[in-house]
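A.B. asks: Predicted model, plus sequence, below.
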Amino acid sequence: MKTIKPILFCGTLVSLAFAAQAQFTPGDLVVLQVGDGSAALNNAGTAIYLNQYTTSGGSAGSFAIPSTGSSALVTSGSATSEGALNLSADGRYLVLAGYNAPAGTAGIASTTSAAVPRAVGTVDAAGNFILAATTSSYFSANNIRSGASDGAGNFWTAGANSGVVYMGNNSAATAVSTSPLTNLRVIQTIGNNLFYSSSSGSSRGIYEVAGNPTSGSSTAVNLINNGSSASPYDFAFNPTMTIAYVADSTAYSTSSGIGGIEKWEFNGTSWVFDYSLSWATNGAVGLAVDFSATGASSTGTWLASAPANTAFRGLDWAPVPEPATVALTGLGLTAWLGFRRRNRS
């Protein structure tokens with residue numbers, strides 16, 4: 001039986017190569033690391049690194065997100081719900097959210113957004129970082145957790161409060177979906193629609209907002225209900241939108257069979273729970289899926305662990321280069337887009 005490879009990180013990480021610029025390789029994995037290892041993590045603003053690995057766990061370098069100056073983007077060192085990492089809808093950018101403040105800013109999640117703007121940034125395949133948008137109005141005194149982009153200058157963010165907030169194209173930030181309003185986790189844009197995970201109330205799971213709204217107040221539909229005790233984070237749909245995997249930070253339960261990494265299938269009417277991967281005993285937050293293979297009997301392989309005084313948060317595939325760059329390097333853009341976990345036909 002073939003196996004599917006949701007990726008978790010544990011084991012021993014031998015070394016990290018920090019660099020001002022990094023060349024990401026399509027097909028590799030990228031994990032967001034919080035902290036540089038110099039001191040124990042706390043609730044202050046903390047530097048972010050994007051570590052690249054091969055799918056066999058080989059280290060392929062690390063890229064430092066600016067943590068000082070006008071383009072600084074940091075996360076809380078102790079807020080485990082922050083630090084999601086997503087590809088833009090066109091696969092060309094890694095998208096992350098945080099705080100536009102220098103590392104060391106005390107109690108950063110409890111600051112007001114007027115004093116410490118919440119922000120979203122992007123990194124392309126060549127390692128170019130852009131602080132794309134900020135807001136001084138939303139996610140005030142609480143966590144901003146994730147960002148999504150269509151690759152055309154539009155950005156959407158989610159966090160502990162404020163609902164789904166549109167940020168992009170130099171326009172003022174605006175809430176475009178506010179039910180549920182609180183405890184949103186990971187947001188993605190797939191096939192011109194928004195999807196996000198929520199751990200709010202009894203309808204905890206994956207929601208859809210139609211049409212990638214940039215204004216107004218859209219209604220979110222609960223597609224996958226993980227249960228009242230669930231804690232869903234990252235998720236991935238196959239290209240036909242008939243199979244989904246959900247990373248649930250709730251530990252896998254042998255009695256219920258849920259938690260950890262869950263597989264769901266669409267039966268033509270609704271999404272139905274299929275199984276959980278039993279080796280994800282400690283729960284999961286980040287997720288990257290290669291849908292070319294499947295198998296309930298898959299076993300997990302530890303690839304890497306975060307160094308001391310750091311933590312791993314979000315996970316995704318490496319971004320693909322610009323089409324012109326792809327042509328020059330001989331890579332097939334169509335092939336790589338087919339490999340991406342969130343391409344929708």
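C.D. replies: Perfect, I can see it now.
A.B. asks: Burial check on residue 172, number of neighbours?
C.D. replies: The tally of other residues near residue 172 (other CB atoms under 10 Å) stands at 9. Heads up, the C-betas are built off the backbone N, CA and C, glycines and all.
A.B. asks: What confidence value was assigned to it?
C.D. replies: The per-residue pLDDT reported for residue 172 equals 85.
A.B. asks: cool, residue 10 as well?
C.D. replies: So residue 10 comes in at 33 (pLDDT).
A.B. asks: now swap in residue 331 and tell me
C.D. replies: Value for residue 331, per-residue pLDDT: 34.
A.B. asks: now residue 335
C.D. replies: pLDDT, residue 335: 28.
A.B. asks: likewise residue 23?
C.D. replies: 86.
A.B. asks: Residue 188: what's it in contact with?
C.D. replies: Going by CB atoms under 8 Å, 6 or more residues apart in numbering, residue 188 touches 86, 148, 194, 195, 196, 235, 342.
A.B. asks: What number of residues are in the vicinity of the closest residue to the first one other than its chain neighbours?
C.D. replies: Spatially, and ignoring its direct neighbours in sequence, residue 86 is nearest to residue 95 (4.9 Å; CB to CB, 6 or more residues apart in numbering). Residue 95: 29 surrounding residues under other CB under 10 Å.
A.B. asks: Run through the neighbouring helices and strands of the helix or strand that residue 95 is a member of.
C.D. replies: If you go by DSSP states H and E, residue 95 is part of strand 93-99. Under the contact criterion of 3 or more CB pairs under 8 Å, 6 or more residues apart in numbering; DSSP states H and E, strand 93-99 touches strand 48-53, strand 75-76, strand 86-87, strand 118-124, strand 144-149, strand 154-159.
A.B. asks: Is it possible to get TSV of those that adds mean pLDDT and distance to residue 301?
C.D. replies: Shown next, in TSV, are the helices and strands packed on strand 93-99 (pLDDT from 0 to 100; distance: least, CB to CB, whole Å):
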stretch	mean pLDDT	distance to residue 301
strand 48-53	98	12
strand 75-76	98	28
strand 86-87	97	23
strand 118-124	97	27
strand 144-149	98	26
strand 154-159	97	31
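A.B. asks: so which of those strands gets nearest residue 274?
C.D. replies: Of all the helices and strands packed on strand 93-99, it is strand 86-87 that lies closest to residue 274, at 23.9 Å by CB to CB.
A.B. asks: got the contact list for residue 159?
C.D. replies: With CB under 8 Å, 6+ apart, residue 159 has these contacts: 97, 118, 138, 139, 142, 143, 144, 145, 146, 184.
A.B. asks: Strands along the stretch 151-300 of the chain, start to end?
C.D. replies: 154-159, 164-168, 171-177, 184-190, 193-198, 205-210, 221-225, 232-237, 243-248, 260-266, 271-276 (DSSP state E, counting those that start in this stretch).
A.B. asks: so which helix or strand takes in the closest residue to residue 87 other than its chain neighbours?
C.D. replies: Nearest-residue entry for residue 87: residue 316, 5.3 Å, with adjacent residues in sequence omitted and distances by CB to CB, 6+ apart. Here residue 316, judged by DSSP H and E, is contained in strand 311-317.
A.B. asks: now the angle from that strand to strand 48-53?
C.D. replies: 60 degrees (axes from the mean of the first three to the mean of the last three CA atoms, to 10 degrees).
A.B. asks: For strand 311-317, name the packing helices and strands.
C.D. replies: Checking 3+ CB pairs under 8 Å, 6+ apart, strand 311-317 ends up next to strand 29-34, strand 86-87.
A.B. asks: Of all these, which one comes closest to residue 289?
C.D. replies: strand 29-34 (11.1 Å).
A.B. asks: What strands flank the helix or strand following the closest one, and is each parallel or antiparallel?
C.D. replies: Using DSSP H and E, the helix or strand that follows strand 29-34 in sequence is strand 45-46. Here strand 45-46 has these sheet partners by DSSP bridges: strand 75-76 (antiparallel).
A.B. asks: Tell me the gap between the strand it pairs with and the middle of its chain.
C.D. replies: Distance of strand 75-76 from its chain centroid, counting by CA atoms, centre = their mean, to the nearest Å, is 14 Å.
A.B. asks: how far does stretch 54-65 stretch from start to finish?
C.D. replies: 21 Å (CA to CA, to the nearest Å).
A.B. asks: Then stretch 262-281?
C.D. replies: 12 Å.
A.B. asks: Could you export the helices and strands packed on strand 311-317 as TSV, including mean neighbour count and distance to residue 173?
C.D. replies: Converted to TSV, these look like this (neighbours: other CB atoms under 10 Å; distance: least, CB to CB, whole Å):
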stretch	mean neighbour count	distance to residue 173
strand 29-34	25	23
strand 86-87	24	18
